[in-house]
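[1] Here's a sequence, model it:
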Amino acid sequence: MDIALALALVVGGLVVGAGAAVAAVAERNRAAAGRPDAGDEAASVADLAGAADLADLTGTVDGFGEALMASGPVVGRTGEHPVVPAVPVRDELTGCASADVLRREIDETLATGAPFVLLLVDLDHFTDLNAALGQHLGDRVLVAVARRLTWTLRRHDVLARLDADRFALLVRPESAQVASDRDLDVATLADDVMRVLDIPIDADGMTITARASIGVVRGVDDGTEAGVLLRRAELALRRAKRRGGSWARFDLDDETAAARRVELSTGLPVALDDCAGESDEIAIHFQPIVELATARVRSAEALIRWRHPRLGVIPPAELVRMAERDGSGIQLFRFVLGRALTQLATWRAAGLLESIAVNMSPSQLVEPDLLDVVADALVEHDVPPSALTLEITEDALLDQGTDAVPTLRRLHELGVRLAIDDFGTGYSSLAHLRLLHIDVLKLDRSFVQGGGAESRHDALVALALGTAHRLGLTVVAEGVEHASTLAMLRREGCDAAQGHHICRPGDAATISAWLGSHREGAGRLRGSVASFDPADHTR
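    Here you go, the predicted structure:
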């Protein structure tokens, strides 16, 4: 019997609820590999599970790691592997195969022409767990995870630990002729891994459930070199994480998207520097915000636009996400804030506009220099704090939690107005927003669109407006694209609105002309907002 496989079932303390999950995986593995006879040393998991009640199996996690290291790397096939001198064979903590062994096994499998599946398993939020529990308990969790992953192994499979919280499973068929065997179905294999990781881990009396994201590739369909397959599994893993976990199979679009991200990431700092000169690669557009009761335009939102020389116009959301990921978010914010305040000063001097709204990204809420950046910019452009509204998305506020409160309080004390953007897409409460010094509530386009005169949708909008007003919040509706929506918002008492039906975003010159004609009366919203015809202005 393979000692690594046997020990995988009997260590780690009380295994609560393990029997059903292990039995399901084991039964599938036994069916795929063929039930070994009594003399076969690679006894199946199902045989071991049947020998004792898993709920009564006890041992120590540390002992499991020591036993695995004594038995060699976790490789399901029988026999021994030749060891190349000076190449690490196993991970010292878990006893899993090393990254070098995994690469060698992938290359050997590729040479046979046999199909296989490679699963890259990354534990979600393990860094936080390690910081909270300490390295000793974190290590015990890693060993327990290795134990659970071992439950999915069959004769020819390999389990390797590649990094602190990252494992890889190389799943191979019994025969090179089995090219479409169900044991290589990627969905089944990924689900098996998720199932065994759902089994709770007992670490010094604490019950922990390891969550993971998985990137999956299939050889030779997704690559014919170990390095290529590992890189593509990483790309699939990242897509799984962006979707909130679970697993993802590699797609060529992943590679295209990765190349795009690299090009944008390297190009953004250059583009921002060039904008200090004559380049207009990155520009600021503006969208007017109309007061519904008076039809006056007192404010506008500043929106960044990047026209990449090769990739074309980059969506603002993609640009902000990239800047956040690469640590250039505060540089981008400085640029937008400076350009927006420069234009606002011009409009204020001409009597065209009173205030401007600028978006903030999540990381800026905890940026230590944010208050100085904002205060210095206001002084430089001779703009009063009350003329600046900083918009924070609902999701960003929820992500930062209480960490954002000190920053919001200091901005409020400075005199800057604060707005919650895209409200209605998350799960924050209106009362909670009031405690965070929020002044303005911006209803997301998905929240305001699609209502009829007597629809439930309109009733929901009315409820949100009434509650916000009782809390002293000003409400702005975003994404207004139809006259009926505008009329409904005015009827229900919404304070202001913006959207394509009123005026599309435009550069400073275009919006200046629109504001001028609006002030002179050519585009004035006389009494009824619905009387305004945006076709006469910016489109």
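[2] All the strands of the stretch 151-300 of the chain, residue numbers only.
    158-163, 166-171, 201-203, 206-208, 212-219, 246-249, 282-291, 297-308 (DSSP state E, counting those that start in this stretch).
[3] same check, this time on the stretch 351-500 of the chain
    Counting by DSSP E, counting those that start in this stretch, the stretch 351-500 of the chain has strands at residues 355-360, 388-393, 417-423, 440-443, 474-477, 496-497.
[4] list the buried ones in the longest one?
    Counting neighbours by 16 or more other CB atoms under 10 Å, one finds that the buried residues in strand 417-423 are 417-423. C-beta here means a position set from N, CA and C on the backbone, and glycine is covered the same way.
[5] Looks like residue 384 contacts residue 378 (just checking).
    Yes. Using CB atoms under 8 Å, residue 384 makes contact with residue 378 at a distance of 7.3 Å.
[6] about what we covered before: what's the most distant pair in the buried residues of strand 417-423?
    The most widely separated members of these, counting by CB to CB, are 417 and 422 (16.9 Å).
[7] sorry, back to before: and the strands of the stretch 351-500 of the chain, which one's lowest on average pLDDT?
    Ranked by mean pLDDT, the strands of the stretch 351-500 of the chain end with strand 417-423 at the bottom, a mean of 88.
[8] Spit out the contact partners of residue 217.
    117-118, 223, 229, 232-233, 236, 249-250 (CB atoms under 8 Å, 6 or more residues apart in numbering).
[9] Relative to residue 442, which of the residues you listed is nearest.
    For the contacts of residue 217, the nearest to residue 442 is residue 236 (35.7 Å; CB to CB).
[10] What sits closest to that closest one if chain neighbours are left out?
    Of all residues not flanking residue 236 in the chain, residue 215 sits nearest, at 3.4 Å (CB to CB, 6 or more residues apart in numbering).
[11] got a markdown table for the strands of the stretch 151-300 of the chain, with mean pLDDT and distance to residue 480 too?
    Output for these, formatted as a markdown table (pLDDT from 0 to 100; distance: least, CB to CB, whole Å):
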| stretch | mean pLDDT | distance to residue 480 |
| --- | --- | --- |
| strand 158-163 | 94 | 49 |
| strand 166-171 | 95 | 47 |
| strand 201-203 | 84 | 51 |
| strand 206-208 | 86 | 48 |
| strand 212-219 | 92 | 38 |
| strand 246-249 | 91 | 36 |
| strand 282-291 | 94 | 9 |
| strand 297-308 | 92 | 13 |
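[12] okay, the buried residues of strand 417-423 in CSV with distance to residue 313 next?
    Below are the buried residues of strand 417-423 laid out as CSV (distance: CB to CB, whole Å):
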residue, distance to residue 313
417, 30
418, 29
419, 25
420, 27
421, 21
422, 21
423, 27
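[13] Indicate which one of the strands of the stretch 151-300 of the chain is closest to residue 483.
    strand 282-291 (13.2 Å).
[14] Low-confidence bits of the protein, can you list those?
    Low-confidence regions of the chain, defined by pLDDT under 70, span residues 1-88, 174-183, 274-279, 398-401, 424-435, 450-455, 520-539.
[15] how about 50 then?
    For the chain, the stretches flagged by pLDDT under 50 are 1-23, 33-72, 77-87, 178-179, 277, 452-453, 522-523, 525-539.
[16] now for the host helix or strand of residue 108, which elements pack on it?
    If you go by DSSP states H and E, residue 108 is part of helix 99-112. The contact analysis (3 or more CB pairs under 8 Å, 6 or more residues apart in numbering; DSSP states H and E) places helix 99-112 against strand 116-123, strand 158-163, strand 166-171, strand 212-219, helix 226-242.
[17] And for residue 309, nearest residue in space, chain neighbours not counted?
    Nearest residue to residue 309 in three dimensions, chain neighbours excluded: residue 281, at 6.9 Å (CB to CB, 6+ apart).
[18] Next, that neighbour: phi, psi?
    When read as degrees, to the nearest 10, the backbone of residue 281 gives phi -60, psi -40.
[19] Could you double-check that residue 91 sits in contact with residue 97?
    Yes. Under the criterion of CB under 8 Å, residue 91 makes contact with residue 97 at 7.5 Å.
[20] Which of those two has more residues huddled nearby?
    Using other CB atoms under 10 Å, the more surrounded residue of residue 91 and residue 97 is residue 97, with 28 against 25.
[21] Residue 106 is in contact with that one, correct?
    No. Using CB under 8 Å, residue 97 is not in contact with residue 106; the gap is 11.1 Å.
[22] which residues are in contact with both of these two?
    Common contacts of residue 97 and residue 106, defined by CB under 8 Å, 6+ apart, are absent altogether.
[23] Dump the helices and strands packed on helix 99-112 to CSV, plus distance to residue 298.
    As requested, these are exported to CSV (distance: least, CB to CB, whole Å):
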stretch, distance to residue 298
strand 116-123, 49
strand 158-163, 53
strand 166-171, 53
strand 212-219, 46
helix 226-242, 38
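[24] out of those, nearest to residue 144?
    Nearest of those to residue 144, taken as CB to CB: strand 116-123 at 11.1 Å.
[25] now for the helix or strand following that closest one, which elements pack on it?
    Downstream of strand 116-123, the first helix or strand assigned by DSSP H and E is helix 126-133. Helices and strands touching helix 126-133, as assessed by 3+ CB pairs under 8 Å, 6+ apart, comprise helix 135-150.
[26] Quick check: residue 238 vs residue 245, distance?
    12 Å (CB to CB, to the nearest Å).
[27] Which of these two has more residues huddled nearby?
    A count of neighbours by other CB under 10 Å puts residue 238 above the other of residue 238 and residue 245, at 19 against 16.
[28] follow-up on the earlier one: got the strands of the stretch 351-500 of the chain as a markdown table, with distance to residue 131 columns?
    Formatted as a markdown table, the strands of the stretch 351-500 of the chain follow (distance: least, CB to CB, whole Å):
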| stretch | distance to residue 131 |
| --- | --- |
| strand 355-360 | 27 |
| strand 388-393 | 26 |
| strand 417-423 | 30 |
| strand 440-443 | 35 |
| strand 474-477 | 40 |
| strand 496-497 | 44 |
